[in-house]
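J.: Build me a model:
(chains A and B)
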Amino acid sequence: MGRFFKNKITFLVFVTLTMFIVMGVSSNNGNLSWMNNSLSIISKPFQKLTLFANKKTNDFFYYFKDVDKLRNENEILKKQVDELQEETRRLNDYKIKNVELSKALKLKNSYDDYEPIGANIIAKDMGNWFSLFRIDIGSKEGVKRDFPVRTSEGLVGRIEAADVTSSKVTTIIDNGSTVSARLSKNGSYVLIKGDSELKNNGLCLMDYIDPDADITIGDIVETSGLGGIYPKGIIIGKVKQIRKSSNDFSKYAVVEPTVDFKRLDQVIVLNKKK
Amino acid sequence: MKIKIFIYCVCLFIIMIIQSTILDSLALYNVKPNLVLVFIISVSLVRGGVEGAYVGFFAGLIQDFITGKVIGFYALIGMYVGLLVGIFNKRLYRENFLVIIFFTFTATIVYELCVFFFGIYLQGGDGFLYGFVKIILPETLYNIIVSVFMYVFIMKLSEIFNEQDKKIRKY
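T.: Down below sits the predicted model:
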């Protein structure tokens, strides 16, 4: 009996140590591909199905709620369409001028290096602490680690690990994420970090603000292009609140991302062309 | 034995899919219950620490693969939760709902404190008080509610397993 117990303890220690090694390997590499792949291939269709069913039932209940709201909205939108059509015409003029002038200056558009791939979210984070999710494209479609992920509204995050048919995405509101950013209006550099406290309200933190920088509530923040992961000029969000640190020398701000992380179900992965 | 493994696999599979998809829209105040943890605790209480450790390990491993930060983190915590709950429960009377409520309460708080400590505090994050009041306590409450149903389910499952064992012993 004594020997048996001893064996159990050694087994436990063995498993624990192995897991420590696995953790070390996977934190550098992002995943252990073969195990991950087989699991994700099996579970992917089921996850897609449940998410689809869930969305349909939600839509069904919203249908009745929304009828009145939609009628009002329709009126407003019709007016807006007229205004916007006028503006589009104006902007098109600018666009043509811009192309001509850029050609003259030989400026390179940073988006030309990226090819967008659409993806659906198939699994949300299981716990309450972090903000990761899984999308339905993987290395088969050419996705690799550290590819930027966005929607039409703004920045979402980056690929944490890519398997064959699916990949893991870390969002910018997760506490492990840091994005180099700048203020659109005057170009001063800041850092956008995820924070476990703000995460639950879908907000993130702006840090390392230059004490002399002119920053006000409502300022728009975009990626700076430094760091090599995110391309320059993707909108991140708006400054919502400015706070002073306890030592009064530095300040930090709360940023409201333009992306609504609660209602996210489709994203765009930016594939770097070589 | 084979049937047991198969049933555990099916259970884990269904729980994982519910946890990673529809549970997100059922969350109240941005907090959702942890079905995986409740499953581990219930199995460990009803079937003993060793089985709890195995189930905890594999459940954690799957969780790591789907949305974990590093592979092996939830697996280790799950294994130790399963093992410890089983060891502490050896002398307690099992057919009592107070036991499951007590263990879910303690285990959820310990489990989530571990996740906070290793996943956030050691990575340079803070906000312990906020996390404790706004995340851990509500989650514990949800888990307790879920655990009562899960416990009844595992008890039924355990009867099936026991009958299987008896059949095998006959031959």
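J.: So for chain B, which residue is the most central one in space?
T.: residue B:37 (2.1 Å; C-alpha atoms, centre = their mean).
J.: I'd like the next helix or strand past the helix or strand of chain B with the lowest mean pLDDT.
T.: None of the helices or strands of chain B scores lower by mean pLDDT, DSSP states H and E than helix B:128-131, at a mean of 81. Downstream of helix B:128-131, the first helix or strand assigned by DSSP states H and E is helix B:137-170.
J.: For that following helix, name the packing helices and strands.
T.: Here helix B:137-170 touches helix B:2-20, helix B:35-47, helix B:97-116, going by 3 or more C-beta pairs under 8 Å, 6 or more residues apart in numbering or on different chains; DSSP states H and E. To be clear about C-beta, it is placed using only N, CA and C from the backbone, and glycine gets the same treatment.
J.: residues in contact with residue B:46?
T.: By C-beta atoms under 8 Å, 6 or more residues apart in numbering or on different chains, residue B:46 lies in contact with B:94, B:151, B:154-155, B:157-158.
J.: any idea how far it lies from residue B:100?
T.: 9 Å (C-beta to C-beta, to the nearest Å).
J.: Determine the residues that are contacts of both of those two.
T.: residue B:151.
J.: Give the buried residues for stretch A:175-195.
T.: Buried residues in stretch A:175-195, counted by 16 or more other C-beta atoms under 10 Å in any protein chain shown: A:175-183, A:190-195.
J.: gap between that stretch and the chain center?
T.: Computed by C-alpha atoms, centre = their mean, to the nearest Å, the chain-centroid distance of stretch A:175-195 equals 14 Å.
J.: For chain B, tell me whether it is touching it.
T.: Yes - contact of stretch A:175-195 with chain B (C-beta under 8 Å from any C-beta of the partner chain) involves A:175-176, A:195.
J.: Let's test this: mean pLDDT of that stretch, rounded?
T.: Per-residue pLDDT values over stretch A:175-195 give a mean of 85.
J.: Also stretch A:199-206?
T.: 84.
J.: try stretch A:93-107
T.: pLDDT averaged over stretch A:93-107 gives 78.
J.: same deal with stretch A:142-159?
T.: 87.
J.: CA atoms only for it, dumped as PDB, please.
T.: Extracted in PDB, the C-alpha atoms of stretch A:142-159 (Å, rounded to 0.1, in the frame of the first residue of the first chain):
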ATOM      1  CA  GLY A 142      -2.600  31.400 -44.800                       C
ATOM      2  CA  VAL A 143      -3.200  32.800 -41.300                       C
ATOM      3  CA  LYS A 144      -0.100  33.100 -39.100                       C
ATOM      4  CA  ARG A 145       0.700  34.200 -35.600                       C
ATOM      5  CA  ASP A 146       0.600  38.000 -34.900                       C
ATOM      6  CA  PHE A 147      -1.500  38.900 -38.000                       C
ATOM      7  CA  PRO A 148      -3.700  41.900 -37.200                       C
ATOM      8  CA  VAL A 149      -7.500  41.400 -36.800                       C
ATOM      9  CA  ARG A 150     -10.000  44.200 -37.400                       C
ATOM     10  CA  THR A 151     -13.600  44.900 -38.400                       C
ATOM     11  CA  SER A 152     -14.800  47.700 -40.600                       C
ATOM     12  CA  GLU A 153     -15.200  49.800 -37.400                       C
ATOM     13  CA  GLY A 154     -11.700  49.500 -36.000                       C
ATOM     14  CA  LEU A 155      -9.000  47.300 -34.400                       C
ATOM     15  CA  VAL A 156     -10.000  44.100 -32.700                       C
ATOM     16  CA  GLY A 157      -6.600  42.400 -31.900                       C
ATOM     17  CA  ARG A 158      -4.100  40.000 -33.200                       C
ATOM     18  CA  ILE A 159      -3.800  36.200 -33.900                       C
END
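J.: quick one: it near chain B?
T.: No - applying C-beta under 8 Å from any C-beta, one finds stretch A:142-159 separated from chain B by no less than 12.9 Å.
J.: What is the neighbour count of residue B:168?
T.: For residue B:168, the neighbour count with other C-beta atoms under 10 Å in any protein chain shown is 9.
J.: my read: residue A:166 touches residue A:135, true?
T.: Yes - because the distance of 6.4 Å satisfies C-beta atoms under 8 Å, residue A:166 is recorded as touching residue A:135.
J.: residues touching residue A:146, list them.
T.: A:158-159, A:229.
J.: try 10 Å
T.: A:30, A:158-162, A:170, A:228-230, A:272 (C-beta atoms under 10 Å, 6 or more residues apart in numbering or on different chains).
J.: taking those one by one, which sit in helices?
T.: Among the contacts of residue A:146, none falls in helices (DSSP state H).
J.: In strands, which of those residues appear?
T.: Mapping these onto strands (DSSP state E) picks out A:158-162, A:170, A:272.
J.: If you rank the residues you listed by neighbours, which is first?
T.: That'd be residue A:161 among the ones in strands among the contacts of residue A:146, by other C-beta under 10 Å, with 29 neighbours.
J.: contacting residues around residue 59?
T.: I'll assume chain A. Residue A:59 is in contact with residue A:66, counting by C-beta under 10 Å, 6+ apart.
J.: that answer is for a different chain, and I need it for chain B
T.: Contacts of residue B:59 (C-beta under 10 Å, 6+ apart): B:8, B:11-12, B:15-16, B:35-37, B:39-40, B:43, B:74-75, B:78-79, B:81-82.
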